[in-house]
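Student: pasting the sequence and the predicted coordinates here, then a few questions.
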Amino acid sequence: MPASKYAQKLSTIAAAWPTDPFRPNLQLKIFLQSLATHPKLTQDAVQSAKVLLENGVQRKYPLSSKTLYPASMPRHYERLVQGYERSAQGTKRPWWQTFFGIWR
């Protein structure tokens with residue numbers, strides 16, 4: 001397959017890549033777009049980017065419930081994701097909830 005086909009596929013993957021709200025000056029989408037112009041672009045690089053975009057690793061190696069909900073702190077990862085999403089929206093907990101360790 002010619003390099004132009006790989007470049008076209010990688011450009012499509014880059015266009016579908018979500019933006020990172022926490023690093024507006026450092027986006028993987030921009031890196032993938034510049035990688036698409038590289039003269040030695042290979043099918044492996046394009047396939048790797050596609051697997052990452054489609055969460056292929058997460059489907060191939062699913063995490064067990066023991067890992068996702070550890071006995072010592074079963075809601076840890078749920079709270080982590082909630083905090084990440086709230087932070088992306090610009091909201092945070094009041095200081096007293098942070099001080100006393102209260103989660104919503």
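Tutor: Here it is on my side, so go on.
Student: how about the helices in this protein?
Tutor: Under the criterion DSSP state H, helices of the chain are mapped to 3-16, 28-35, 43-53, 56-60, 65-68, 76-89, 95-100.
Student: what's the angle from the third one to helix 28-35?
Tutor: Between helix 43-53 and helix 28-35, the angle formed by their directions is 170 degrees, by axes from the mean of the first three to the mean of the last three CA atoms, to 10 degrees.
Student: starting at the chain centroid, how far to helix 43-53?
Tutor: Helix 43-53 sits 14 Å away from the centroid of its parent chain (CA atoms, centre = their mean, to the nearest Å).
Student: for residue 52, give me its contacts.
Tutor: With contacts defined as CB atoms under 8 Å, 6 or more residues apart in numbering, residue 52 has no neighbours. For every residue, glycine as well, the C-beta is placed using N, CA and C.
Student: swap in the one 4 residues further on?
Tutor: Under the criterion of CB under 8 Å, 6+ apart, the neighbours of residue 56 are residue 50.
Student: with distance to residue 22 and mean pLDDT as new columns, can the helices of the chain be given to me in JSON lines?
Tutor: Formatted as JSON lines, the helices of the chain follow (distance: least, CB to CB, whole Å; pLDDT from 0 to 100):
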{"stretch": "helix 3-16", "distance to residue 22": "19", "mean pLDDT": "93"}
{"stretch": "helix 28-35", "distance to residue 22": "12", "mean pLDDT": "94"}
{"stretch": "helix 43-53", "distance to residue 22": "18", "mean pLDDT": "96"}
{"stretch": "helix 56-60", "distance to residue 22": "21", "mean pLDDT": "93"}
{"stretch": "helix 65-68", "distance to residue 22": "23", "mean pLDDT": "93"}
{"stretch": "helix 76-89", "distance to residue 22": "7", "mean pLDDT": "89"}
{"stretch": "helix 95-100", "distance to residue 22": "19", "mean pLDDT": "86"}
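Student: thanks a lot, catch you later.
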